[in-house]
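Chemist: compute the structure for the input listed below.
(one chain, ligands or ions: 2)
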Amino acid sequence: MKVMVIGGGGREHAIVKKLKESAKVSELYVLPGNGGMAADAKLVDISADDIGAIVDFAVNSGIDYAVVTPDDPLVAGTVDALNEKGIPCFGPRRDAAMLEGSKAFAKGFMRRHGIPTAAYEVFDSEAEALTYVAAAPLPTVIKADGLALGKGVTIAETHEAAAEAVREAMSGRKFGDSGSRLVIEQFLTGPEVSVLCFTDGKTIKPMVSGMDHKRARDGDIGPNTGGMGAIAPNPYYTADIAAECMEKIFLPTIRGMAEEGRPFTGCLYFGLMLTPDGPKVIEYNCRFGDPETQAVLPLLQSDLMDIMLATTNGTLAETPVEFSNDSCCCVVMASDGYPVKYEKGFKLSIAPEVEPYVYVAGAKLADGELLTNGGRVIGVTAVGATLAEAVKTAYERTEKVSFANAYYRRDIGGRALAKE
Ligand code: AMP
Ligand code: GLY
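Modeler: Ligands and ions are numbered 1, 2, ... in the order given. Next comes the predicted model:
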């Protein structure tokens with residue numbers, strides 16, 4: 001099969017490398033990918049957001065199957081556009097991608113189906129939102145309704161900070177149209193778990209659980225980032241909690257979406273918080289998470305292409321989705337200063353012996369040389385029989401990668417190891 005993957009980061013590189021292992025995949029394209037993936041797939045210089053060009057390329061190149069990975073293209077309806085031309089896809093159609101595309105939709109959906117989540121209100125008027133936050137319990141969580149590059153959430157510790165966040169999003173248009181509607185919700189506490197699931201709209205099969213590390217600096221301080229590392233499985237996510245999540249969250253979500261006439265297919269990501277009152281949904285993502293995918297897919301033993309096809313064909317119930325009992329750690333190496341201000345264009349060297357374990361997120365090829373080209377540059381991974389071993393090996397491998405302004409956290413997996 002000729003397969004194309006849409007997207008260009010570390011997550012996409014992890015997917016590409018896994019798909020390459022499948023005997024079913026004869027040709028692999030990535031749009032646009034990045035220079036660090038050139039050995040694994042053919043790079044096609046088409047933006048992940050250019051639906052028209054994506055569809056034309058797929059039709060003209062005889063693509064048999066498309067994997068639509070990032071949030072914006074999914075929410076914009078890339079799957080619908082490809083399906084219209086008869087090209088089957090991994091990923092939800094636009095009406096199902098709304099679980100991530102609109103937090104107000106997701107919250108209303110959870111309310112309709114009795115799925116546990118933080119109590120909330122939705123506001124379209126700045127004046128009403130300001131009145132509400134002036135007396136809201138603290139901290140207060142303020143979320144832009146739409147996609148905001150993962151930056152649309154503010155946890156306000158004071159009423160002044162809450163009012164400021166409301167104003168910035170609404171009249172300040174900090175997130176453009178995404179912030180013209182706000183969800184303001186109850187602050188929850190507890191360990192966070194990411195559970196990525198394959199689903200064909202009827203059957204849902206969770207992958208091994210993961211833990212992201214969102215803050216820039218060791219000890220979970222500093223600004224929020226796209227994710228500085230991940231481990232899998234997440235030791236907080238016990239078998240009992242997994243069973244409870246299946247019954248109270250995963251199945252009701254899949255059934256609810258089918259009942260509402262927008263069956264979800266592809267990868268559904270549950271961002272969960274294990275609160276003293278039980279697991280609750282913090283957010284849905286309509287796609288593989290990054291960097292969690294870089295720690296989860298190395299543990300997948302089944303054929304990823306078979307699973308993807310099963311989510312499209314409605315045969316997931318009969319398709320094996322097996323993970324090894326090992327652990328995996330992914331350490332993200334970023335450009336110093338990320339996510340605020342950083343330089344790029346430095347020579348990136350990756351020793352051949354660690355190349356199979358490295359996913360490139362931000363690099364470009366210039367005259368045959370790999371140069372850094374983003375805030376997050378690479379994810380360095382390792383699988384081990386224990387989490388401790390995976391963490392140790394991943395950090396050893398970071399020594400085999402270099403670029404001038406490399407910065408990475410030294411404590412990925414630390415909290416998980418302490419819990420163990
Ligand atoms: P999101 O962009 O929805 O992933 O939110 C970013 C982060 O904000 C989450 O990973 C949580 O750490 C935090 N967060 C979001 N909603 C809440 C909430 N209701 N209570 C506490 N923390 C939250
Ligand atoms: N790791 C969180 C996300 O992919 O949004």
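Chemist: what are the ranges of the helices in this protein?
Modeler: In the chain, the helices defined using DSSP state H lie at 10-20, 51-60, 71-75, 78-84, 94-101, 103-113, 126-134, 159-169, 239-245, 251-259, 292-296, 304-313, 387-398, 414-419.
Chemist: reformat the ones you listed as TSV; add mean pLDDT.
Modeler: Formatted as TSV, the helices of the chain follow (pLDDT from 0 to 100):
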stretch	mean pLDDT
helix 10-20	98
helix 51-60	98
helix 71-75	97
helix 78-84	98
helix 94-101	98
helix 103-113	98
helix 126-134	96
helix 159-169	96
helix 239-245	98
helix 251-259	98
helix 292-296	98
helix 304-313	98
helix 387-398	98
helix 414-419	96
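Chemist: how about these, which one is nearest ligand 2?
Modeler: helix 292-296 (5.4 Å; CB to the nearest ligand atom). All C-beta spots, glycine's among them, are computed from the backbone N, C-alpha and C.
Chemist: which residues are contacting the closest one?
Modeler: For helix 292-296, contacts defined as CB atoms under 8 Å, 6 or more residues apart in numbering pick out 10-11, 14-15, 194, 196, 207-208, 210-212, 227, 230-232, 269, 328-330, 359, 379, 381.
Chemist: so which of the residues you listed are in strands?
Modeler: Judged by DSSP state E, strands contain the following of these: 194, 196, 211-212, 230-232, 269, 328-330, 359, 379, 381.
Chemist: and ligand 2, which of these contact it?
Modeler: Checking the ones in strands among the contacts of helix 292-296 against ligand 2 by CB under 6 Å from any ligand atom, the ones in range are D212.
Chemist: indicate which one of the helices of the chain is closest to L370.
Modeler: L370 lies closest, by CB to CB, to one member of those: helix 10-20, at 12.9 Å.
Chemist: just the CA trace of the closest one, in PDB.
Modeler: Taking Å, rounded to 0.1, in the frame of the first residue of the first chain, the C-alpha atoms of helix 10-20 are listed here in PDB:
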ATOM      1  CA  GLY A  10       8.300  13.800  16.600                       C
ATOM      2  CA  ARG A  11       5.000  12.100  16.900                       C
ATOM      3  CA  GLU A  12       4.700  11.700  13.100                       C
ATOM      4  CA  HIS A  13       8.300  10.400  13.000                       C
ATOM      5  CA  ALA A  14       7.300   7.700  15.600                       C
ATOM      6  CA  ILE A  15       4.300   6.800  13.500                       C
ATOM      7  CA  VAL A  16       6.300   6.700  10.300                       C
ATOM      8  CA  LYS A  17       9.000   4.400  11.800                       C
ATOM      9  CA  LYS A  18       6.300   2.100  13.100                       C
ATOM     10  CA  LEU A  19       4.400   1.900   9.800                       C
ATOM     11  CA  LYS A  20       7.700   1.200   8.000                       C
END
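Chemist: what is the neighbour count of the closest residue in space to E126 that isn't next to it in sequence?
Modeler: Nearest residue to E126 in three dimensions, chain neighbours excluded: M170, at 4.1 Å (CB to CB, 6 or more residues apart in numbering). Neighbour count of M170, defined by other CB atoms under 10 Å: 22.
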